[in-house]
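Participant: Predicted model follows, preceded by the sequence.
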Amino acid sequence: MTTTAPSPGARKERDVPVPAGFDMRAHVSGIGAHLAGPANVIMQLSWPSVGYGVMNSRVHDGAATKRPFKRGRTTFTYLAVALLGDEADRTAFRREVNRQHAQVVSRPGEKVQYRAMDPRLQTWVAACLYYGTVDMIERMHGPLPEAEADALYAHCARFGTTLQMPADAWPADRAAFRRYWEQAEAEVDIDPAVASYLLSLTRLENFPRPFRLLGPFVLFVTTGFLPPLFREAMGLPWTARQQRRFDRLLRTLGGVERRLPRVLRTFPFNLWLADMRLRRRLGRPLV
């Protein structure tokens, strides 16, 4: 998808402007997303208001512990819409997600207060997704050129604007983002209850038994993708030998991915975006 700047006099866009000619499809990695996804969930839920909001959500229809396959489909569809969808896709999906998020509100007396529609929390979620996207790309394929990195950063604001984050909440540039990230890390606080919940998901204990055989591998990769602060907050040990194995794995997979045609590199994001568009035409639920 090639994104162009809005024309003069056009109505104000909800999204952060992206340099003309930038093509997000060149940076979408189905392999990387599957590998890095669980670590990013931990990062997002490391803020107590996000962690308890997800863990205690009363929207059981899409809960990861009860319906993991549906939760996976919804999550990948959201990512596909944010990364590859057009404005109509994002508007339609935002409307559906809002119906779910409006129900996720803490009750009086709960240990942690939360509200899923809070733009500040959604900015944190978007920041984690951006951080994870760049980290995954660079571990698999090496550093990005400066101009490409700037364009990718602007595009990734859509992780937040596809939800309720206003465009002006996204830090102005990558230097501003680094300052935001350093300040946001001060709010990382994973208590034992949230850590136990996250470890259960990482080990695939919410999936049918055959899938759980992959649990040790998923835990290894997840620990590798976590920055040290989050790794320590989860109480996950990590050695230099494990780091070498992890780096070697990602370099190998990056080499494989570069040889794939684009339709396979972007799978399953292209599938879930097409599925969402079909659901819209048929009037079926999007989440």
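Facilitator: Yep, it's here.

Participant: All the helices of the stretch 1-150 of the chain, residue numbers only.
Facilitator: Using DSSP state H, counting those that start in this stretch, the helices of the stretch 1-150 of the chain run over residues 30-45, 48-55, 68-84, 87-101, 119-141, 146-155.

Participant: I'd like those helices written out as a markdown table, with mean pLDDT and mean neighbour count added.
Facilitator: For glycine as for every other residue, the C-beta is placed from the backbone atoms N, C-alpha and C. Output for those, formatted as a markdown table (pLDDT from 0 to 100; neighbours: other Cβ atoms under 10 Å):
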| stretch | mean pLDDT | mean neighbour count |
| --- | --- | --- |
| helix 30-45 | 97 | 22 |
| helix 48-55 | 95 | 21 |
| helix 68-84 | 94 | 20 |
| helix 87-101 | 93 | 16 |
| helix 119-141 | 97 | 21 |
| helix 146-155 | 97 | 17 |
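
Participant: Figure out the helix or strand that the nearest residue to Thr65 once chain neighbours are set aside lives in.
Facilitator: Spatial nearest neighbour of Thr65, excluding adjacent residues (Cβ to Cβ, 6 or more residues apart in numbering): Asn206 at 4.9 Å. Using DSSP states H and E, Asn206 falls within no helix or strand.

Participant: Any figure for the gap between Asn206 and Val218?
Facilitator: 12 Å (Cβ to Cβ, to the nearest Å).

Participant: higher neighbour count, those two?
Facilitator: Between Asn206 and Val218, counted using other Cβ atoms under 10 Å, Val218 has the larger neighbour count: 20 against 17.

Participant: isn't that one right up against Thr202?
Facilitator: Yes. With contact defined as Cβ atoms under 8 Å, Val218 counts as touching Thr202 (5.9 Å).

Participant: Now do the shared contacts for the two.
Facilitator: Shared contacts of Val218 and Thr202, defined by Cβ atoms under 8 Å, 6 or more residues apart in numbering, comprise Pro38.

Participant: Looking at the helices of the stretch 1-150 of the chain, which is nearest to Leu264?
Facilitator: Taking Cβ to Cβ, helix 30-45 is the member of the helices of the stretch 1-150 of the chain nearest to Leu264, at 7.7 Å.

Participant: and the closest one, what does it pack onto?
Facilitator: Counting contacts by 3 or more Cβ pairs under 8 Å, 6 or more residues apart in numbering; DSSP states H and E, helix 30-45 packs against helix 48-55, helix 68-84, helix 119-141, helix 192-202, helix 215-225, helix 228-234, helix 240-258, helix 262-265.

Participant: does Leu199 really touch Val218, like I thought?
Facilitator: No. If you go by Cβ under 8 Å, Leu199 and Val218 don't touch, sitting 10.8 Å apart.

Participant: sorry, back to before: got the phi and psi for the residue nearest to Thr65?
Facilitator: Note on Asn206: backbone dihedrals following degrees, to the nearest 10 are phi -90, psi 0.

Participant: so it touches Leu199, yeah?
Facilitator: No. If you go by Cβ under 8 Å, Asn206 and Leu199 don't touch, sitting 11.4 Å apart.

Participant: residues near Met24, how many?
Facilitator: 20.
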